[in-house]
Every structure is written in structure tokens, then in C-alpha cells.
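Peer 1: A structural model of the following input is requested.
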Amino acid sequence: MSRILVDQIRSNSASADAMTLDGSGNVTFPANVTCSGTATGMGGGKVLQVIHAFTTTIFSTSSTTMADIGLSAAITPSSTSNKILVFGNIGAIETSGANYGGGRLLRDSTSIIADIDRGIGYTADSTRQFTNSPFFILDSPSSTSSLTYKLQFRVPAGGGTITTQTNDSRSAITLMEVAA
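Peer 2: So this is what the prediction gives:
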């Protein structure tokens, strides 16, 4: 076995060391570092990929059971220890009845957020104003398989109709894989 023992590395044409190694094996770089390959072992918390989806399709429901609003996004984590930051918005308006809707977020068939906002579309008067219901969650799926996150909503037992909106503030979802 061969070894080279050094505590500094410098190019012949440089006036300063490019790398310094201490007695514990820690490496210090005095300036910017360029990596032309994949850097590994650099710690967690890095955003590895971002997936964004929105819908321009209007969805309307009078159903009291959860229904897909036509908005989903898929992501494949690169490690089972990584997390998925999921955030977005459901934009809706009450179009009939004096009621409100409720939404949920699913990862495949698993409910991640069971009740995004029980006030989606509710204005308590006849103005039928647009409402936003933002959401976010840091999910730990422990998977390297493709995962589909999707939004659903419904009206409560009192009836009425809730409609997604596509104008100023549309329904959207963003997925970010965060390294552990």
C-alpha cells in the first residue's frame, strides 16, 4: 500500500495553497471550489429537485365525498432518507348555497393533510368572493419510487357547489426533494 502524506497542496504556478489538511483529516479550501462531478457527503438540507404543477381547468363539485380537482405532481426521491417539502394553494369560490368546501392532499392513496381548509370558497354572503387556501407540509415518504401528490376537495353535508378558479390565484402544487 502506498500513501502520500501532506498537509498542504499547491500548484507549481500558484502563489497560495489550493488545499490545507489538518491533523484530523479536515480539508480547507481558501477560495471557490469547482466540482465537475457529483459531490457526496456534503451534509443535508440541499434541495435536489423541484417539481411544479398548476391547473387551468375549472373543476366544480357538489359532492360531499372528496374528488380529484385535476391537479397532481409526481416526484421520485433519490434516497429513502430524503424528505419532500410539499406546498401550494387551492383557489376556489362558492357558486351556490351558503357553504364551504374542504380539501386534502394525498401521496398516492395516503392522506397527508386530511383537512387543508374547511373554509374554501366560503364568504357567508352573496358576493361569492374568491378564497385561497394555502398549504405546506414536510413529508417523509421513505421511498425511492415515483410518488404522486394530488389535491382533492368536497362540499360538506349542507350542500352547495364549490368551483376552482383559474384567474389571478390559481390552484398549484410544488414538490421539493430535500436531502437528509
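Peer 1: Would you mind listing where the protein has pLDDT under the threshold?
Peer 2: 31-44, 92-101, 115-131, 156-160, 162, 164-169 (pLDDT under 70).
Peer 1: Show me where it has its strands.
Peer 2: 8-9, 19-21, 27-28, 47-54, 60-61, 67-75, 83-96, 102-107, 110-113, 131-139, 147-154, 161-164, 172-178 (DSSP state E).
Peer 1: tell me how far the fifth one is from the chain's mean position?
Peer 2: Pointing back at strand 60-61 there. 25 Å (Cα atoms, centre = their mean, to the nearest Å).
Peer 1: What pairs with that strand, parallel or antiparallel?
Peer 2: Paired strands of strand 60-61, with direction, are strand 161-164 (antiparallel) (DSSP bridges).
Peer 1: ok, now the third one?
Peer 2: Its sheet considered, strand 27-28 pairs with strand 19-21 (antiparallel) by DSSP bridges.
Peer 1: got the contact list for the strand it pairs with?
Peer 2: The set of residues external to strand 19-21 that reach it, using Cβ atoms under 8 Å, 6 or more residues apart in numbering, is 6-9, 27-30. (Glycine included, C-beta is placed from N, CA and C.)
Peer 1: follow-up on the earlier one: identify, out of the strands of the chain, the most deeply packed stretch.
Peer 2: Of the strands of the chain, the one with the most neighbours on average (mean count of other Cβ atoms under 10 Å) is strand 161-164, at a mean of 23.
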